[in-house]
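A.B. asks: My questions concern the predicted model and sequence given below.
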Amino acid sequence: MGAESLTPAPNLYAHFPFCRRKCAYCALHSQPGAKQTERDAYAAALAETVEKLRIPQKSLSTIYFGGGSPALCDLRPMFKALAPFMSDNAEFTVELHPLDISGETMRILADGGVNRISMGVQSMDDTVLRSMGRGYTIDAAAVSFAKAKETIPNAGIDLIAGYPGDTQPSVPSGWGFVHCSVYSLILEEGTALAANAAAGKTRLPGDDDALDAVASMAESLESIGLARYEISNWAKPGFECRHNLAVWRGEDYIGIGEGARGRIGRLRTVNFGAPPSHGGKTAAREETERTGEKEDAIERRIFSLRTRDGLDAEGFPEWEKTLGKFAAEGLLERAGGKWRLTKRGAEVCDSILAELV
Ligand code: SF4
């Protein structure tokens with residue numbers, strides 16, 4: 001499929017699969033140790049893809065650069081290519097690693113139209129950060145975050161709950177972040193963490209410990225004025241991530257780059273617009289699939305259950321019995337004609353979703 005055949009969508013995600021080194025827990029598509037020239041060539045190739053897209057001028061309302069660590073690439077060609085497509089009040093997010101952040105990087109991002117950043121902190125414990133292989137201390141992360149926020153105040157952080165050894169999970173105080181994502185640790189095959197656990201070198205926390213970690217972090221976040229608006233996300237009022245909300249609410253989004261997924265009408269794309277090879281490696285092949293009408297409708301609707309808005313089950317009579325069963329168990333409640341997760345329901349959201357699809 002050529003870039004020109006994509007119909008317009010209001011949201012765009014671009015993936016940059018480069019990292020300094022592989023974190024112990026991470027199974028995301030990422031390539032540690034690529035050279036600067038390779039990373040820049042990749043970003044330049046993505047910019048060429050953007051230039052070929054038939055996006056109407058000023059029509060993108062959200063853009064999200066994820067990774068990997070996007071800032072390891074020279075992003076300026078992408079900023080130039082995207083500029084004509086950004087609407088006047090577009091939300092433009094870039095994920096950052098604490099070691100990415102310098103005054104110069106922040107200036108380049110701000111000049112390129114970036115107005116929201118999300119920095120991966122992951123833990124508040126230096127020993128845990130070391131075992132994750134993150135490459136910084138918590139004090140260094142605090143300095144990075146303060147510097148980032150000076151230039152782009154709409155700044156948030158990511159944390160992991162339930163990491164081995166993180167016995168007193170906490171959230172930073174006094175950093176002034178407006179958004180926080182808390183992800184429960186998922187043990188992924190093929191990671192260093194999984195190998196250590198299999199070899200008995202690392203003891204994983206039990207399910208209850210992981211849930212307790214999320215609950216205590218949630219309490220801390222709520223005590224400093226952040227409200228939970230999605231299972232894994234908290235924000236100060238008005239600082240919810242518009243890009244992710246658009247995806248959960250079923251809007252179309254263009255996904256470009258290796259490892260990126262896209263949804264445009266009934267088309268689903270994977271690895272769209274990535275250069276065929278980079279850093280001496282052959283990139284994953286671009287794939288496009290046309291999904292069925294019913295599958296498309298389900299996918300667009302179902303993930304709203306993860307959000308504070310809740311799930312509108314209108315048009316899906318087949319869900320009523322299952323939803324009623326979960327409500328009787330105290331996992332769902334009905335509010336304003338929608339189904340919402342209760343606190344206990346939020347702990348088992350994945351199982352509820354699995355029964356619905
Ligand atoms: S967690 Fe982020 S920085 Fe670490 S390897 Fe995965 S993508 Fe790269």
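C.D. replies: Great, that's in hand. Residues are numbered from 1 along each chain as shown.

A.B. asks: and this structure, which residues reach the ligand?
C.D. replies: 19, 22-23, 26, 28, 30, 67-69, 97, 120 (CB under 6 Å from any ligand atom). The C-beta positions use only the backbone N, C-alpha and C, and glycine is treated the same way.

A.B. asks: Narrow the residues you listed to those in strands?
C.D. replies: 19, 67, 120 (DSSP state E).

A.B. asks: Now tabulate the residues you listed in CSV and tack on neighbour count.
C.D. replies: Formatted as CSV, those follow (neighbours: other CB atoms under 10 Å):
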residue, neighbour count
19, 19
67, 26
120, 19
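
A.B. asks: Point out the least confident member of those residues, please.
C.D. replies: Lowest in pLDDT among these is residue 67, which has 92.

A.B. asks: for that one, what are its contacts?
C.D. replies: 15-19, 30, 95 (CB atoms under 8 Å, 6 or more residues apart in numbering).

A.B. asks: any chance of the residues of the chain next to the ligand in a markdown table, plus distance to residue 109?
C.D. replies: Formatted as a markdown table, those follow (distance: CB to CB, whole Å):
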| residue | distance to residue 109 |
| --- | --- |
| 19 | 18 |
| 22 | 24 |
| 23 | 22 |
| 26 | 23 |
| 28 | 21 |
| 30 | 20 |
| 67 | 14 |
| 68 | 16 |
| 69 | 13 |
| 97 | 13 |
| 120 | 16 |
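
A.B. asks: Check these and tell me the two furthest apart.
C.D. replies: 22 and 120 (13.6 Å; CB to CB).

A.B. asks: Name the nearest of the contacts of residue 67 relative to residue 284.
C.D. replies: The closest of the contacts of residue 67, once distances to residue 284 are taken by CB to CB, is residue 17, at 9.2 Å.

A.B. asks: Run through the residues that contact that closest one.
C.D. replies: 29-31, 42, 67-68, 257-259.

A.B. asks: between those, which is closest to residue 182?
C.D. replies: residue 67 (19.3 Å).

A.B. asks: Can you go through the contacts of residue 17 and name the buried ones?
C.D. replies: Among the contacts of residue 17, the ones that count as buried by 16 or more other CB atoms under 10 Å are 30-31, 42, 67-68, 257-259.

A.B. asks: returning to what we had before: wait, which of the ones in strands among the residues of the chain next to the ligand is closest to residue 224?
C.D. replies: residue 120 (19.6 Å).

A.B. asks: So the residue lying closest to the closest one once chain neighbours are set aside: helix, strand or coil?
C.D. replies: What sits nearest to residue 120 in space, not counting adjacent residues and going by CB to CB, 6 or more residues apart in numbering, is residue 158, at 4.7 Å. When classified by DSSP: H, G, I helix; E, B strand; the rest coil, residue 158 comes out as strand.

A.B. asks: Could you verify my assumption that residue 158 touches residue 123?
C.D. replies: No. Taking contacts as CB atoms under 8 Å, residue 158 lies outside contact range of residue 123: 10.4 Å.

A.B. asks: so how far is residue 97 from the residue in the stretch 51-200 of the chain that the ligand sits nearest to?
C.D. replies: Proximity of the stretch 51-200 of the chain to the ligand (CB to the nearest ligand atom) peaks at residue 68, 5.0 Å away. Note on residue 68: its distance to residue 97, by CB to CB, to the nearest Å, is 9 Å.

A.B. asks: Mutual contacts of the two, please.
C.D. replies: residue 19.

A.B. asks: closest to the ligand among the buried ones among the contacts of residue 17?
C.D. replies: Among the buried ones among the contacts of residue 17, and counting by CB to the nearest ligand atom, the member closest to the ligand is residue 30, at 4.1 Å.

A.B. asks: so how far is residue 113 from that closest one?
C.D. replies: For residue 30, the distance to residue 113 - CB to CB - is 25 Å.

A.B. asks: Look up the closest residue to residue 154, ignoring the ones flanking it.
C.D. replies: residue 116 (4.4 Å).

A.B. asks: Equivalent analysis for residue 78, please.
C.D. replies: Distances taken as CB to CB, 6+ apart put residue 47 closest to residue 78, at 4.8 Å, once the chain neighbours are dropped.

A.B. asks: Contacts only, for residue 349.
C.D. replies: 231, 305-306, 341.
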